[in-house]
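Colleague: Build me a model:
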Amino acid sequence: MKIMLLTAGTRGDVEPFLALARAGGAKGHQIRTAIPDNSGADTTGLDTVSLRMDFAQLISDQGVSPVAAAKAFRAVIRPAVGRLLSAAVDHIVAFGPDVVVYHPKVLSAPVAAQRLGVPSVLVETIPSLTATREFPAPFITRASLGPLNRASYRLANAATLMFRREMAQAVEGLPAGSAPAPVRRATMIPVSPELLPRPADWPATVHLTGHWAGNSGLAPVDPEMSDFINGGSFVYAGFGSMKAGDPRARGLAIVEAARRNGLKALVAGGWGGIELPPALRAGDVLVRESVDHQLVLPLAAAAIHHGGAGTAHAAVRAGIPSVVVPFIADQPFWGHLLHRRDLGPEPIPYWKVTADRLTDALAQTAKYRDRAAQAGERVRQEDGTAVALDVLEALQRNR
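Modeller: Numbering: from 1, shown residues only. So this is what the prediction gives:
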């Protein structure tokens, strides 16, 4: 089967699709994956093409401020999204797939699939489009709205209206198609039921597959890091692509909190979310731009992170508690979900981070370690990519 995968966003949006591509390739499927530029994800051995949009550069320029994003919408964001939507259509037409599997940001993918007469499958890396009474749309609020929970998903779906002009331009060269509108054949949600039990009111066409995790493909840790992570208890701290507030103050708070708890600190600076002056980089502090979560987190006592879906799953898979410092979007949702599942203390918003608050949160992680270890054992037994491929193969059989 020829499977076209398309994803957009930062590394956390890309890596699950690459894991699915590797699993599908191992089963003999022909898979092409369209991804943004400069994602930081390892694409070795995969057939990948560019969506002509660099989310890393966009975040570097705009940060995570909604105000900055609003100011840049017309001059920066709208043209970038237009390039992405057009590139997605070009790649789908060129590949001629049997099925199109797409991230919600790739708005043109289901239209292109419909015009070409092939099924499309939505991948909600964040469960933000399939309505449920059990919780509101993660991008809207983390607090239950009771009877209005389902209605909150209408706001999330309405975001597509902002790019109607770019959508029209992206698909204008395609045939008219036989259906008046795209028909989604299935939705896949690559989230572990250990974090999010399946809501009872999701339709049968929505599949909670488990997280899509695969071999990272990154090189083994270097000797210095190996000595560090095997030489005494440490906490991992990293905020991925997040960049807002005072990164140096956060770095100082992280190191101070770790030391007060008798822990070393392994710090991943990422795209600038944490900074440490050279004077703090002593024997109990090691700094890297990024680390391989699969190799490092299982050895950590806890993880301080931003609450992205990928990092949240990595910490749970590793069997360690999380201290979540959310910045934007769905991160508060994952942070509070981890807390409700007894996998870490209450989240600390990034603008409230202090050494005292982090010290207290790290001290609390001790009471979550048994539950985190048990959850990790169950998550490691999941095979989300196998479930996803079963869904796609069933679609092909039933066409």
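Colleague: Check which helix or strand Leu18 maps to.
Modeller: helix 11-26 (DSSP states H and E).
Colleague: buried residues in the following helix or strand past that helix?
Modeller: Of the helices and strands lying after helix 11-26 in sequence (DSSP H and E), the nearest is strand 30-35. Using 16 or more other Cβ atoms under 10 Å as the test for burial, strand 30-35 gives Ile31, Arg32, Thr33, Ala34, Ile35. Every C-beta, even on glycine, is put in place using the N, C-alpha and C of the backbone.
Colleague: And for stretch 16-28?
Modeller: Buried residues in stretch 16-28 (16+ other Cβ under 10 Å): Pro16, Phe17, Leu18, Ala19, Leu20, Ala21, Arg22, Ala23, Gly24.
Colleague: Now do that stretch: distance to the chain's middle.
Modeller: 17 Å (Cα atoms, centre = their mean, to the nearest Å).
Colleague: contact partners of that stretch?
Modeller: Applying Cβ atoms under 8 Å, 6 or more residues apart in numbering, the contact partners of stretch 16-28 are 3, 5-7, 31, 33, 35, 41-43, 45-47, 101, 103, 123, 125, 190, 211-215, 310, 385-386, 388-389, 392.
Colleague: Got a quick ChimeraX command for the buried subset of those?
Modeller: For the buried members of the contacts of stretch 16-28, the matching ChimeraX selection, counting by 16+ other Cβ under 10 Å, is:
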select :3,5,6,7,31,33,35,41,42,46,101,103,123,125,190,211,212,213,214,310,385,388,389,392
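Colleague: taking the contacts of stretch 16-28 one by one, which sit in helices?
Modeller: Gly310, Thr385, Ala386, Ala388, Leu389, Leu392 (DSSP state H).
Colleague: The helix or strand of the chain with the lowest mean pLDDT: what's the following helix or strand?
Modeller: Lowest on mean pLDDT, DSSP states H and E among the helices and strands of the chain sits helix 66-72, with a mean of 63. Downstream of helix 66-72, the first helix or strand assigned by DSSP H and E is helix 78-95.
Colleague: Output the contacting helices and strands for that following helix.
Modeller: strand 2-6, strand 30-35, strand 48-50, helix 108-116, helix 164-171 (3 or more Cβ pairs under 8 Å, 6 or more residues apart in numbering; DSSP states H and E).
Colleague: And the fourth one, how far out from the chain middle?
Modeller: Chain-centre distance of helix 108-116: 24 Å, with Cα atoms, centre = their mean.
Colleague: got the angle for that helix vs strand 30-35?
Modeller: If you take axes from the mean of the first three to the mean of the last three Cα atoms, to 10 degrees, helix 108-116 sits at 140 degrees to strand 30-35.
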